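**Student:** The following comprises the amino acid sequence and a computationally predicted model.
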Amino acid sequence: MQAGKQRGMFFGWRVVGAVFVLATFGWGLGFYGPPVYLHAVRESRDWPLSLVSAAVTVHFLFGALIVANLPKLYRSFGVAAVTKTGCGALAFGITGWALAKEPWQLFAATLFSGGGWVTMGAAAVNAIVSPWFVRTRPAALASAYNGSSVGGVIFSPLWVAAIGLMGFPGAAIAIGLVMVVTVFLLADLYYAKTPEQMGLAADGDTPGSPTPQAISPRARPLPGPTLWHDLRFITLAAGMALGLFAQIGLLAHLFSLLVPALGAQLAGIAAGAATAAAIAGRTLFGWLMPSGADRRLYACASYLVQVTGSIAFLVAAGDSVPLLLVGVILFGFGIGNATSLPPLIAQAEFVREDVTRVVPMIVAIGQGTYAFAPAAFGLIRELAPSLAFAPASAAPWLYVAAAAIQIAAIACFLIGRRLPHVSTASG
């Protein structure tokens, strides 16, 4: 511990920095990359949009299956080994996207890319960072999760530029190699370490000193399938899934909806502003939320800000630039919290042994749900009628749907707020 102090920084914060990089690559290649890959594949192969879109859905659905089993993989092989393997699979899968000559090859590649990126996603960030912090865990996780937003800022334009310069195969190989080398080095230096191995205590405290636990006194062990009958778990998983479904569905179409009023250049700047707002919102909540706070209420507040943003979009009627920009900032404010707050809620409401199951499971449920969001919102956009104050081209029902789904998410968080751990099978 003294050595850690002499270096001037608790080693846990070095881990946070390394995981920030992991999240930047993970989201940059595995989350923000597929829309770019979709366009590149269509341009080079002239395959139907429906086919390539289905590949994106498989990418996310297979990832949901893998992330649900991350705890078993970590126990069997260790965090560092799983992260390295997943990183390699992601790089291999993206190269497969670029080189696919037949549809079956594309879908095979999605299994590698989808299964690989989740080992660098939300559940992985939580698993690596959480052992190092208790009191300051919200701030630490918020800082690490901000890598996901930075991944979008860096890699969305980087992919476009690299593909234009080197072609999709060359860009996939080059970026994939940089990621693999970086993540492999960080895995050995940081992801493989635990506080116990280094003789350190959480938050940089003196080893052996009591560490306050921000766990609800109502928490009790939920072994095996009991977890699936627990109302707190059900409301947490449903709230996260609904919030992400609304968020991903609206974001998938937002750029094209902003272009008519803002133009392509300003719409791109607005998309960047939404990412900046996401970083600000996650950082603000992470650093200002007290360790003993009711985290479900904070999640509700974040979703409520996004609902207000959807209302601003709706009232803008497709042509009010000031209201559209207000909607971008307000909706963007909660983007990061939708990913980072539910794991923090889990850590406050479930015993430590169950958290390692709960977090991957709610992430998997959320990802499996939002995989269908872009298509669902596309149907709403195409089939919903006009409103008196907004033409169909302004997609007013898209914003109504987003707000309604997020209100349902808020209801889930509130319903579970005062519930004891009650099994739905008991009555």
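**Tutor:** Great, that's in hand.
**Student:** For the rest of this, base every contact and every neighbour count on C-alpha atoms.
**Tutor:** Noted.
**Student:** Can you report how many residues neighbour residue 43?
**Tutor:** Using other Cα atoms under 10 Å, the number of residues around residue 43 comes to 10.
**Student:** nope, residue 78 is what I meant
**Tutor:** Per other Cα under 10 Å, the neighbour tally for residue 78 reads 14.
**Student:** Leaving out chain neighbours, which residue sits closest to it?
**Tutor:** residue 192 (7.7 Å; Cα to Cα, 6 or more residues apart in numbering).
**Student:** Ok, residue 415 next?
**Tutor:** residue 235 (7.2 Å).
**Student:** Also residue 320?
**Tutor:** residue 261 (7.5 Å).
**Student:** now residue 74
**Tutor:** In this structure, residue 74 finds its nearest non-sequential neighbour in residue 82, 6.6 Å apart by Cα to Cα, 6+ apart.
**Student:** Quick check: that neighbour touching residue 73?
**Tutor:** Yes: between residue 82 and residue 73 there is a contact under Cα atoms under 8 Å: 6.8 Å.
**Student:** Please identify which of these two sits among more neighbours.
**Tutor:** The residue with more neighbours, out of residue 82 and residue 73, is residue 82; 21 against 15, by other Cα under 10 Å.
**Student:** Just confirm the more buried one is within a strand.
**Tutor:** No: checked against DSSP: H, G, I helix; E, B strand; the rest coil, residue 82 lies outside a strand; its state is helix.
**Student:** which residues touch it?
**Tutor:** 73-74, 119 (Cα atoms under 8 Å, 6 or more residues apart in numbering).
**Student:** distance of it from residue 70?
**Tutor:** 8 Å (Cα to Cα, to the nearest Å).
**Student:** so what sits against both of the two?
**Tutor:** Common neighbours of residue 82 and residue 70 (Cα under 8 Å, 6+ apart) are residue 119.
**Student:** any idea of the pLDDT on the most centrally placed residue in the chain?
**Tutor:** Per Cα atoms, centre = their mean, the C-alpha nearest to the average position across the chain is that of residue 339, at 4.7 Å. Note on residue 339: pLDDT of 90.
**Student:** Can you tell me the closest non-neighbouring residue to it?
**Tutor:** Residue 339 sits nearest to residue 122 (Cα to Cα, 6+ apart), 7.0 Å away.
**Student:** Give me the helices and strands touching whichever strand or helix holds residue 160, please.
**Tutor:** For residue 160, the host element (DSSP states H and E) is helix 137-186. Counting contacts by 3 or more Cα pairs under 8 Å, 6 or more residues apart in numbering; DSSP states H and E, helix 137-186 packs against helix 11-30, helix 33-45, helix 79-99, helix 122-129, helix 231-288, helix 337-349.
**Student:** Mind putting those into JSON lines with distance to residue 403?
**Tutor:** Formatted as JSON lines, the helices and strands packed on helix 137-186 follow (distance: least, Cα to Cα, whole Å):
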{"stretch": "helix 11-30", "distance to residue 403": "25"}
{"stretch": "helix 33-45", "distance to residue 403": "24"}
{"stretch": "helix 79-99", "distance to residue 403": "34"}
{"stretch": "helix 122-129", "distance to residue 403": "24"}
{"stretch": "helix 231-288", "distance to residue 403": "8"}
{"stretch": "helix 337-349", "distance to residue 403": "14"}
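**Student:** Of those, give the one that comes closest to residue 310.
**Tutor:** Relative to residue 310, the nearest member of the helices and strands packed on helix 137-186 by Cα to Cα is helix 231-288, separated by 9.1 Å.
**Student:** what's the angle from that closest one to helix 137-186?
**Tutor:** Using axes from the mean of the first three to the mean of the last three Cα atoms, to 10 degrees, the inter-axis angle of helix 231-288 relative to helix 137-186 is 90 degrees.
**Student:** and the angle from helix 231-288 to helix 337-349?
**Tutor:** 110 degrees.
**Student:** Can you name every helix or strand that helix 231-288 contacts?
**Tutor:** Looks like helix 231-288 contacts helix 137-186, helix 321-333, helix 337-349, helix 352-370, helix 373-383, helix 396-415 (3+ Cα pairs under 8 Å, 6+ apart).
**Student:** if I look at residue 106, how far off is residue 118?
**Tutor:** From residue 106 to residue 118 the distance is 19 Å (Cα to Cα).
**Student:** neighbour-wise, which of the two wins?
**Tutor:** More neighbours surround residue 118 than the other of residue 106 and residue 118, with 34 against 22 (other Cα under 10 Å).
**Student:** how much space between that one and residue 233?
**Tutor:** Residue 118 is 21 Å from residue 233, by Cα to Cα.
**Student:** Residue 317 now?
**Tutor:** 38 Å.
**Student:** Contacts only, for the nearest residue in space to residue 58 that is not next to it in sequence.
**Tutor:** Setting aside the residues directly before and after it, residue 58 is nearest to residue 110 in space (Cα to Cα, 6+ apart), at 6.6 Å. By Cα under 8 Å, 6+ apart, the contact list for residue 110 reads 55-56, 58-59, 93-94, 97.
**Student:** Pick the one among those residues closest to residue 268.
**Tutor:** Checking the contacts of residue 110 one by one against residue 268 (Cα to Cα), the nearest turns out to be residue 56, at 22.4 Å.
**Student:** That closest one: helix or strand, and which one exactly?
**Tutor:** Element membership of residue 56, judged by DSSP H and E, is helix 49-68.
**Student:** Not counting that helix itself, show me its contacts.
**Tutor:** So helix 49-68 is contacted by 34-35, 38, 41-42, 106-107, 110-111, 113-119, 123, 360-361, 363-365, 367-368, 371-372 (Cα under 8 Å, 6+ apart).
**Student:** Go again with 6 Å.
**Tutor:** Here helix 49-68 makes contact (Cα atoms under 6 Å, 6 or more residues apart in numbering) with 107, 110, 114-115, 118, 360-361, 364, 367-368, 371.
**Student:** Tell me what angle that helix forms with helix 11-30.
**Tutor:** Using the same axes, to 10 degrees: helix 49-68 against helix 11-30 is 160 degrees.
**Student:** Please write out the alpha-carbon positions of helix 49-68 in PDB.
**Tutor:** Coordinates of the C-alpha atoms in helix 49-68 are reproduced here as PDB (Å, rounded to 0.1, in the frame of the first residue of the first chain):
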ATOM      1  CA  LEU A  49     -30.600  -3.900 -47.100                       C
ATOM      2  CA  SER A  50     -32.800  -6.400 -45.300                       C
ATOM      3  CA  LEU A  51     -30.100  -9.000 -45.500                       C
ATOM      4  CA  VAL A  52     -27.300  -6.900 -44.200                       C
ATOM      5  CA  SER A  53     -29.600  -5.400 -41.600                       C
ATOM      6  CA  ALA A  54     -30.300  -8.900 -40.400                       C
ATOM      7  CA  ALA A  55     -26.600  -9.500 -40.000                       C
ATOM      8  CA  VAL A  56     -26.400  -6.500 -37.700                       C
ATOM      9  CA  THR A  57     -29.300  -7.900 -35.600                       C
ATOM     10  CA  VAL A  58     -27.500 -11.300 -35.400                       C
ATOM     11  CA  HIS A  59     -24.300  -9.500 -34.300                       C
ATOM     12  CA  PHE A  60     -26.100  -8.000 -31.300                       C
ATOM     13  CA  LEU A  61     -28.300 -11.100 -30.500                       C
ATOM     14  CA  PHE A  62     -25.300 -13.500 -30.400                       C
ATOM     15  CA  GLY A  63     -23.500 -11.000 -28.300                       C
ATOM     16  CA  ALA A  64     -26.400 -11.100 -25.800                       C
ATOM     17  CA  LEU A  65     -26.000 -14.800 -25.600                       C
ATOM     18  CA  ILE A  66     -22.300 -14.600 -24.800                       C
ATOM     19  CA  VAL A  67     -22.600 -11.700 -22.300                       C
ATOM     20  CA  ALA A  68     -25.100 -13.800 -20.300                       C
END
